[in-house]
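J.: Provided below for reference: sequence and predicted model.
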Amino acid sequence: MKNIPDFQKWKAAGKPITMVTCYDAATAKILNATSVDSILIGDSCAMVVHGFDSTVHATVEMIAAHTAAVRRGAPDKVIVADLPFLSNRKGIDHAMDAVDQLMKAGANAVKLERRKGNVQLVEHIVDSGVPVMGHLGLTPQSVNEFGGFKMQGKSSSAAKALVEDARMLEQAGCFSVVLECIPGDVAEEVTRSVSIPTIGIGCGPEVSGQVLVVNDLLGMDAQFQPRFARKYDNLSERIASAVDRYCADVQSAAFPATGEYTSRLAKLEG
Ligand code: KIV
Ligand code: NA
């Protein structure tokens with residue numbers, strides 16, 4: 001099984017690291033049989049699965065429950081779980097309880113957003129034997145500070161701060177850092193400035209790996225298409241079509257077929 005130390009090996013080997021989000025056991029079972037390196041139980045779960053308008057609504061219990069489900073479906077994958085909104089900002093005991101819950105649910109590592117005020121906590125978590133992934137740039141938990149889901153790091157001072165933040169997170173012991181929605185040249189500079197791998201989303205190609213929300217790459221929401229995501233399928237259309245065909249078959253009595261039903265029943269009854 002791959003694990004956290006492999007991130008450094010992949011970077012050293014120049015192999016782009018692949019990561020996708022996942023929230024449920026059924027999808028995890030599918031992912032377990034793919035070549036994807038790692039699975040993130042993102043707090044995007046609050047939006048993608050629970051229908052909230054931001055990740056502010058994610059809770060430790062929510063992420064832990066989805067982490068446990070994904071672990072049951074994907075026993076062989078490296079799993080990272082998000083520390084949700086404010087769970088790492090209410091003191092070290094509270095934060096460590098959250099880490100404890102996510103690790104017991106089956107994560108191999110936790111991820112937390114931003115650098116400021118988190119360095120000592122990252123050190124403590126890492127010193128406790130729990131790998132930590134950082135997350136800089138458009139950190140969605142700060143949507144109210146940003147005034148929307150807007151690209152970050154555009155000014156030269158913001159770009160400099162990102163490089164500094166990434167260095168400090170590396171220094172604190174992070175094994176990797178997600179860069180979200182920052183200019184490609186800034187992501188490239190951050191990547192060059194640290195020895196840990198950077199995992200990009202909406203940052204262009206000059207990073208050590210990529211992460212996408214699995215629902216976005218599968219095209220699960222016809223109305224939602226972030227500019228940086230690429231749709232590898234149109235599952236929303238294909239699912240709707242399958243359900244409509246099922247309904248039509250029920251209406252026309254094409255399903256269930258009488259013979260199909262009775263032979264299955266006979267099998268069940270032995
Ligand atoms: O919650 C999430 O899905 C994430 C990724 C987009 C990096 O944090
Ligand atoms: Na997240």
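T.: Here it is on my side, so go on. Residues are numbered from 1 along each chain as shown. Ligands and ions are numbered 1, 2, ... in the order given.
J.: Sticking with Gly200, tell me its helix or strand.
T.: Element membership for Gly200 (DSSP states H and E) is strand 198-201.
J.: so does that strand get close to ligand 2?
T.: No: using Cβ under 5 Å from the ion, strand 198-201 stays clear of ligand 2, with a minimum separation of 9.6 Å. To be clear about C-beta, it is placed using only N, CA and C from the backbone, and glycine gets the same treatment.
J.: The following helix or strand past that strand pairs with which strands, and in what direction?
T.: Later in the chain than strand 198-201, the nearest helix or strand by DSSP H and E is strand 209-212. Sheet pairing here is set by DSSP bridges, and for strand 209-212 it gives strand 17-21 (parallel), strand 198-201 (parallel).
J.: how far is strand 209-212 from where the chain is centred?
T.: 9 Å (Cα atoms, centre = their mean, to the nearest Å).
J.: go on, stretch 50-62?
T.: Here stretch 50-62 shows a centroid-to-chain-centroid distance of 13 Å under the convention Cα atoms, centre = their mean.
J.: Can you tell me what sits against the lowest-mean-pLDDT helix or strand in the chain?
T.: Here the helix or strand of the chain ranked lowest by mean pLDDT, DSSP states H and E is helix 258-268, holding a mean of 73. Under the contact criterion Cβ atoms under 8 Å, 6 or more residues apart in numbering, helix 258-268 has no outside partners.
J.: Okay, and Gly148 sits in which element?
T.: Applying DSSP H and E, one finds Gly148 in no helix or strand.
J.: re earlier: report the rounded mean pLDDT for the strand holding Gly200.
T.: Regarding strand 198-201, the rounded mean pLDDT is 98.
J.: So for the residue in the stretch 151-270 of the chain that ligand 2 sits nearest to, what's the nearest residue that isn't a sequence neighbour?
T.: Among the residues of the stretch 151-270 of the chain, Val178 lies closest to ligand 2, at 7.9 Å counting by Cβ to the ion. Counting by Cβ to Cβ, 6 or more residues apart in numbering, His135 is the residue found nearest to Val178 once chain neighbours are left out, at 4.3 Å.
J.: Nearest to Ala98 among the strands paired with strand 209-212 would be which one?
T.: Smallest distance to Ala98 across the strands paired with strand 209-212 (Cβ to Cβ): 18.7 Å, for strand 17-21.
J.: surely His57 meets Val48?
T.: No: if you go by Cβ atoms under 8 Å, His57 and Val48 don't touch, sitting 11.8 Å apart.
J.: Looking at those two, which is more packed in?
T.: Neighbour count, other Cβ atoms under 10 Å: between His57 and Val48, Val48 has more, with 20 against 16.
J.: Flag every residue of this protein that's near ligand 1.
T.: Thr21, Leu40, Gly42, Asp43, Ser44, Asp82, Val178, Glu180, Ile201, Val211, Val213 (Cβ under 6 Å from any ligand atom).
J.: Can you read off the backbone torsions of the closest residue in space to Met1 that isn't next to it in sequence?
T.: Leaving aside its sequence neighbours, Met1 sits nearest to Asp76 (Cβ to Cβ, 6+ apart; 5.4 Å). Backbone torsions of Asp76, given as degrees, to the nearest 10, read phi -100, psi 0.
J.: Distance from the chain centre to stretch 125-141, please.
T.: Distance, centroid of stretch 125-141 to centroid of chain: 13 Å (Cα atoms, centre = their mean).
J.: close to ligand 2, is it?
T.: No: Stretch 125-141 stays clear of ligand 2 (Cβ under 5 Å from the ion), getting no nearer than 6.1 Å.
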